[in-house]
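*Asks:* Starting from these lines, generate the structure:
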Amino acid sequence: SKTTNNPSNMADEEIVDNANINHNGDNQYQFDANNDQDALNGDKTAHHQQAITKQDHEIDVNSNIKSQPSQLNAFESDDDPMHVDFNEDQWIPCIPCIGLTGATIIAAILGIIVGLAIALSPPHTQWVTIEKTVTMNITQSELENETNPNYDIIETKIIDGEFVFYYENTTNVTEEVPYSHLTEAAEAILEFPGKIWVAALKLLVLPLVSMMMIVLPSRVDNIGPIGKIAVPLYLFTSTCAAIQGTCWAWIIQPGNVGQENEDPIVSEAVDASGEELTIADVLFNVVYNAIPPNIVTAMSSLNILGVIVFFLGLGILLRHDNVKKEERNTILNGSNAILRCCMLAIVWVVWFTPIAMFFLISLKIAQTEELITLVAALGMYLLCVAVGHT
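*Replies:* You can find the predicted model right below:
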């Protein structure tokens with residue numbers, strides 16, 4: 001049979017094909033839309049997971065930061081050779097309510113009471129017979145009139161054409177002198193604790209200052225830019241404080257209480273040979289003390305300025321490139337070890353401060369003959385300190 005192409009059938013097939021194409025396009029669009037929605041949901045999920053991870057990380061960081069200060073402080077405390085664990089709030093374990101400062105104040109008050117009790121107890125004076133040697137002179141005419149001249153001539157001079165003979169005359173004189181309530185043995189016993197305490201402090205000054213000056217430049221490098229600002233600021237404030245204290249001391253003059261010469265202008269500065277010192281001499285002496293010709297002599301005479309300049313220069317030169325790192329670290333580690341030992345020794349010495357204060361104050365007051373002058377001088381000193389701190 002023979003097939004004929006019907007136009008109506010062809011139109012129907014074309015419509016069906018177009019419908020299939022449109023349906024396939026709709027399916028493809030729907031598929032692409034579903035893919036886009038899935039991708040969007042995936043991105044949201046990924047962002048959400050990242051946000052949760054970031055939040056958990058921030059929580060961990062914050063918890064670590066909160067837990068690190070104690071560790072950092074512990075590290076800094078262990079690394080600092082100047083740090084020593086010392087509880088000043090408790091002097092003796094059996095007396096937990098009294099700290100070092102309170103114990104020192106109590107010991108000073110007790111020392112004042114004991115010293116006043118010794119000094120004010122009667123008798124206050126006593127009569128003693130002493131030998132007094134007086135240089136006298138006699139002329140030749142007077143000597144010739146003597147019936148039994150017996151003089152030990154020590155010098156002869158010619159005055160107005162006549163010989164004058166000088167001799168020593170020793171006589172016994174009874175005088176009233178202050179009575180000492182302390183014997184030599186008692187003074188030695190009272191002096192012993194305070195003298196040992198002062199000697200221990202002086203013993204630790206030189207190694208402490210020298211080792212500190214060696215370590216100081218490296219410590220400034222460790223703290224970075226803050227140290228470069230803090231050190232000049234510290235030097236400036238210390239200089240201002242020294243100038244202020246000097247001005248108040250010159251105005252109030254607490255040291256002139258009870259002195260025969262209370263005019264500071266009358267007493268002039270003199271050197272060891274007795275010659276008057278000028279302002280230039282004083283300034284030059286500062287430089288001479290800062291640069292001593294022999295560091296061993298400066299250390300033995302406790303020339304602190306020369307010791308500071310020498311060991312501080314040594315610590316600065318350790319930072320030079322010519323000094324090997326191993327050598328520099330060896331000196332710094334040794335200096336830090338000595339500095340730690342000195343700080344531990346200072347803690348032990350400071351613990352004995354109340355005991356030393358008691359004996360020093362009681363002995364000083366007991367040996368003082370004029371208590372009123374001592375109290376006045378102490379009052380002027382406290383006035384100068386109070387004015388300087390205001």
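*Asks:* how near is V173 to P217?
*Replies:* From V173 over to P217 the distance is 65 Å, taken as C-beta to C-beta, to the nearest Å. Every C-beta, even on glycine, is put in place using the N, C-alpha and C of the backbone.
*Asks:* Which one's more surrounded, the two?
*Replies:* A direct count of neighbours by other C-beta atoms under 10 Å for V173 and P217 places P217 higher, at 20 against 10.
*Asks:* these two touch, right, the more buried one and L314?
*Replies:* No. Judged on C-beta atoms under 8 Å, P217 makes no contact with L314 at a distance of 9.3 Å.
*Asks:* quick one: low-confidence ranges for the stretch 1-150 of the chain?
*Replies:* Low-confidence regions of the stretch 1-150 of the chain, defined by pLDDT under 70, span residues 1-78, 148.
*Asks:* For stretch 319-335, buried residues please.
*Replies:* The neighbour-count criterion (16 or more other C-beta atoms under 10 Å) identifies 331-332, 335 as the buried residues of stretch 319-335.
*Asks:* just these now: which is nearest V84?
*Replies:* Distance ranking of these against V84, using C-beta to C-beta, places S335 first at 16.3 Å.
*Asks:* That closest one is in what secondary structure piece?
*Replies:* helix 325-351 (DSSP states H and E).
*Asks:* So C384 is in contact with V257, correct?
*Replies:* No. Counting by C-beta under 8 Å, no contact exists between C384 and V257, whose distance comes to 10.8 Å.
*Asks:* which non-adjacent residue is nearest L383?
*Replies:* With sequence-adjacent residues excluded and distances taken as C-beta to C-beta, 6 or more residues apart in numbering, L383 is closest to I252, at 6.3 Å.
*Asks:* From R340, how far out is that neighbour?
*Replies:* In this structure, I252 and R340 are separated by 41 Å, where distance is defined by C-beta to C-beta.
*Asks:* follow-up on the earlier one: what's the next secondary structure element after the helix holding S335?
*Replies:* Scanning forward in sequence from helix 325-351 by DSSP H and E, the next helix or strand is helix 353-367.
*Asks:* residue ranges for the strands of this protein, please.
*Replies:* Counting by DSSP state E, the chain has these strands, from start to end: 125-139, 153-159, 162-178.
*Asks:* Give the pairing partners of the longest one; include direction for each.
*Replies:* Translated: strand 162-178. Taking DSSP bridges as the criterion, strand 162-178 pairs within the sheet with strand 125-139 (antiparallel), strand 153-159 (antiparallel).
*Asks:* For those, give me CSV that also has mean neighbour count and distance to A298.
*Replies:* Conversion of the strands paired with strand 162-178 to CSV gives the following (neighbours: other C-beta atoms under 10 Å; distance: least, C-beta to C-beta, whole Å):
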stretch, mean neighbour count, distance to A298
strand 125-139, 11, 43
strand 153-159, 11, 45
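*Asks:* didn't P178 look like it was pressed against V128?
*Replies:* No. At 10.5 Å, P178 does not count as touching V128 under the criterion of C-beta under 8 Å.
*Asks:* okay, now W248: neighbour count?
*Replies:* By the measure other C-beta under 10 Å, the count of residues near W248 is 19.
*Asks:* Would you mind listing the residues in contact with the residue nearest the centre of the chain?
*Replies:* In the chain, the C-alpha closest to the average C-alpha coordinate belongs to V209, at a distance of 9.8 Å (C-alpha atoms, centre = their mean). V209 sits next to 304, 307-308, 311 when contact means C-beta atoms under 8 Å, 6 or more residues apart in numbering.
*Asks:* any idea how far L378 is from it?
*Replies:* Separation of V209 from L378 (C-beta to C-beta): 29 Å.
*Asks:* N329 now?
*Replies:* For N329, the distance to L378 equals 50 Å [C-beta to C-beta].
*Asks:* would you list every one of the helices in the stretch 151-300 of the chain?
*Replies:* Secondary structure of the stretch 151-300 of the chain (DSSP state H, counting those that start in this stretch): helices at 184-223, 225-252, 279-290, 295-300.
*Asks:* The second one to helix 184-223, inter-axis angle?
*Replies:* Right, helix 225-252. 140 degrees (axes from the mean of the first three to the mean of the last three C-alpha atoms, to 10 degrees).
*Asks:* Pull out the buried residues from helix 225-252.
*Replies:* 248-249, 252.
*Asks:* Just name whatever secondary elements it is in contact with.
*Replies:* helix 184-223, helix 371-389 (3 or more C-beta pairs under 8 Å, 6 or more residues apart in numbering; DSSP states H and E).
*Asks:* Now do it against helix 371-389: the angle between them, please.
*Replies:* Regarding helix 225-252 and helix 371-389, their directions subtend 140 degrees when assessed with the same axes, to 10 degrees.
*Asks:* got it, and the first one?
*Replies:* In this structure, helix 184-223 runs at an angle of 10 degrees to helix 371-389, with the same axes, to 10 degrees as the basis.
*Asks:* and helix 184-223, which residues are buried?
*Replies:* Neighbour counts over helix 184-223 (16+ other C-beta under 10 Å) mark 190-191, 193-194, 197, 200, 204, 206-220 as buried.
*Asks:* what's the neighbour count on P122?
*Replies:* Each residue near P122 was counted by other C-beta under 10 Å, and the total is 7.
*Asks:* OK, contacts around the closest residue to E155 other than its chain neighbours?
*Replies:* Computed as C-beta to C-beta, 6+ apart, the closest residue to E155 that is not its neighbour in sequence is Y166, at 4.2 Å. Contact criterion C-beta under 8 Å, 6+ apart gives 135-137, 153-157 as the residues in contact with Y166.
*Asks:* Across the sheet, point out what pairs with Y166.
*Replies:* On the basis of DSSP bridges, Y166 is bridged to N137, E155.
*Asks:* and of the contacts of V209, the nearest to P293?
*Replies:* Distance from P293 was checked for each of those by C-beta to C-beta. The minimum falls on V307, at 13.7 Å.
*Asks:* From M380, how far off is that closest one?
*Replies:* Distance, V307 to M380, using C-beta to C-beta: 33 Å.
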